[in-house]
Each structure stands twice: as structure tokens, then as C-alpha cells.
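Trainee: how does the following fold in three dimensions:
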Amino acid sequence: MPVAKTVIERLVEEKSKLRSSEEKAADYIIAHAREVVNLPITELAARIGVSEATIVRMCQKLDFRGFQELKINLAMEIVSPIQAVHEEISEDDDMEAVMQKVVTAYITALDNTLQVVSSSELVRAVDYLSAARSIQFYGVGGSGPVAQDAAHKFMKTGKPVVAYTDTHMQAMAAALTEPGDVIVAISHSGSSRDIIDALTIAKSRGVTTIGICHYARAPIDKVLTIKLGTSSHETLYRMESTSSRIAQLAIIDALFIGVCLRDPEKAVRNIRLTREVIAPKRF
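Mentor: Numbers count the residues shown, from 1 in each chain. The predicted model follows:
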């Protein structure tokens, strides 16, 4: 039975059959494989000097459905399997070492995010959220629980707030939005097609869209009013979030506090009311 070719081998063998711009993309990936697995398609296209569509076509000619599938397969070939669980973990780590590395990664992600997130964009986001008619939070996969946590907090502002983690519900909800509504999308990669599709619908209806995403350029940027960047050592080819989730939660907490500071008396009153109604549910 023949051994399956690696991504690099396929790129080398097929690149002579590609268009010149596609061959340029293939050459870059071959030369910078480890770097490429950490890049969203928009950032990669900018570095190479080709369009995102060119990269997608190149991937499809190699029988991948798109760049994400190529990137995942490439990553599986050049990094150790345990790194798909966590970037810093080794297979021989004991639980003390695991805990130390996980916490260190969280601290690093928070510190790095503090360096890249824009204070002026945070202020703009608070302005829109404070004035919003209603607020919706969108997240899929690992970002879904983050969206739900955000809705749980922002409900205490007294505004109509909802979190959507189902992609059909996101599209339908976006289609019914109006100017004055605000949608906050959470996506570490900034490349989730369903999230981008829903935001495109909302954007066409004059809705303010805020993204909490990795700071690198990504497809989602085209449909955002405001981008709040996060930074973590977690790679963009992975399917599950770890340290990036902590950075996203920190930004959400900052936004919530910022909105509360616009009307502290109302915020305190709402928080007290919500505490009072759940107090009987505890022993």
C-alpha cells in the first residue's frame, strides 16, 4: 500500500501545474511551513502578495477543501501530536508541570493581549454598547461558551441581550437586526465562515459589529466596525481554544465594566436585583 504524501511533498510535486500566483503561494508555504500554521488566510495572503482566493484555489487543486484543512494537515506533520492539546505541554510532564504551564500560558496571553488591544477601540466599543438598542453575542465551537458568558454578564445592564451559538440562529437573528443594535462576535481565528456570513447580513442592515479575535489580519476584519485584538501563543490551526479563551473573557469583562461605569447607579441597582432573585436558589 503506497504511503500517503505529505503536504510539502504534494506542494512540491504539483506547484509546476499551478498558475504563477498559486505557485508563488505554494513556494512560500514550502519555505515557511512552521510559520504558516499560525497564520489566518488574510495575513498569509498579505505576506505573499496574492489574494485569499488564490490561496483557496491552490489548496483545492491539492484536494483540500480550503486553507484551514491544508493548515491542519500541515501542522499534524510538523508538530508533535501533544501540541494539538496544548502548545507547551510535553508527554512526560507530571500534573504539577501541566498546571504550571497552563497558568503561565494564561498569564502570557493576558499580558500579550494588553499590549495589542486598542484602548481607543475599547472606548468606541463601550460607546456603542452603552447606546445599543439590543446586544447579541455570536460564537461557535469553543467560542460559544464565551458568548454565553458575555450574555450572562451584559444582561445585568438591563438591555435586551442574547447569545447565539447555533449558526442558523445567528443568520436568522442577523437578518432581523436594525440600526442601533450591536453584535459582538467571538472568534479566535477570525476565519469562521458562519460567523462572517452572519455579520455580513447584519452589516448590510446598518448594525454595529464588534469582533473579539486574534489581532492578526483575518477575513472577519472586512465585516467589523470595531476589532478588539487578542494575542496568545495558541496556534491558529487548532480546533480548541485554551489561553485565547482567557483573553477573550478579559476583554468581555472590561467592556461590561466600561458600560457599567457609564451609569453606575443603574448598574448597581440591576446587579442587586439579579442577586436578590437568585438568593433563594442557594442554601
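Trainee: after the helix or strand containing L122, which helix or strand is next?
Mentor: Here L122, judged by DSSP states H and E, is contained in helix 119-131. The C-terminal neighbour of helix 119-131 among helices and strands, as given by DSSP H and E, is strand 134-139.
Trainee: can you count the residues close to P179?
Mentor: 9 (other C-beta atoms under 10 Å). Just so you know, the C-beta spots here come from the backbone N, C-alpha and C atoms, and that holds for glycine as well.
Trainee: in the helix or strand of the chain with the lowest mean pLDDT, what's buried?
Mentor: The weakest-scoring helix or strand in the chain, judged by mean pLDDT, DSSP states H and E, is helix 67-78 (a mean of 86). For helix 67-78, burial by neighbour count (16 or more other C-beta atoms under 10 Å) applies to 67-76.
Trainee: helices along the chain, start to end?
Mentor: Here the chain has its helices, by DSSP state H, at 7-14, 20-31, 33-36, 41-48, 52-61, 67-78, 95-116, 119-131, 144-154, 167-175, 193-204, 243-262, 264-278.
Trainee: low-confidence regions, the protein specifically.
Mentor: 1-3, 79-89, 233-241 (pLDDT under 70).
Trainee: now with 80?
Mentor: 1-4, 78-91, 232-242 (pLDDT under 80).
Trainee: mind giving me the domain split of it?
Mentor: 7-79, 103-281 (automatic domain parsing).
Trainee: show me what contacts L122?
Mentor: Listed by C-beta atoms under 8 Å, 6 or more residues apart in numbering, the contact set of L122 reads 228, 251, 254-255, 258.
Trainee: can you add distance to R133 and give the buried residues of helix 67-78 back as JSON lines?
Mentor: Shown next, in JSON lines, are the buried residues of helix 67-78 (distance: C-beta to C-beta, whole Å):
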{"residue": "F67", "distance to R133": "37"}
{"residue": "Q68", "distance to R133": "35"}
{"residue": "E69", "distance to R133": "39"}
{"residue": "L70", "distance to R133": "42"}
{"residue": "K71", "distance to R133": "39"}
{"residue": "I72", "distance to R133": "40"}
{"residue": "N73", "distance to R133": "44"}
{"residue": "L74", "distance to R133": "44"}
{"residue": "A75", "distance to R133": "42"}
{"residue": "M76", "distance to R133": "46"}
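Trainee: closest one of these to A267?
Mentor: Taking C-beta to C-beta as the measure, A267 sits nearest to Q68 out of the buried residues of helix 67-78, at 40.3 Å.
Trainee: chain neighbours aside, what residue packs nearest to the closest one?
Mentor: For Q68, ignoring the flanking residues on the chain, the nearest one in space by C-beta to C-beta, 6 or more residues apart in numbering is S191 at 6.7 Å.
Trainee: swap in D194?
Mentor: Once flanking residues are discounted, D194 sits nearest to T167: 3.9 Å by C-beta to C-beta, 6+ apart.
Trainee: what separation do you get for the one you found and L199?
Mentor: 12 Å (C-beta to C-beta, to the nearest Å).
Trainee: between these two, which one's more packed in?
Mentor: It is L199, of T167 and L199, that has more neighbours when counted by other C-beta under 10 Å, with 26 against 16.
Trainee: the residue nearest to D194 and Q60: what is the separation?
Mentor: Applying C-beta to C-beta, the value for T167 to Q60 is 23 Å.
Trainee: again with E96
Mentor: Taking C-beta to C-beta as the measure, E96 falls 46 Å from Q60.
Trainee: in terms of neighbours, single out the busier of the two.
Mentor: Q60 (14 against 8).
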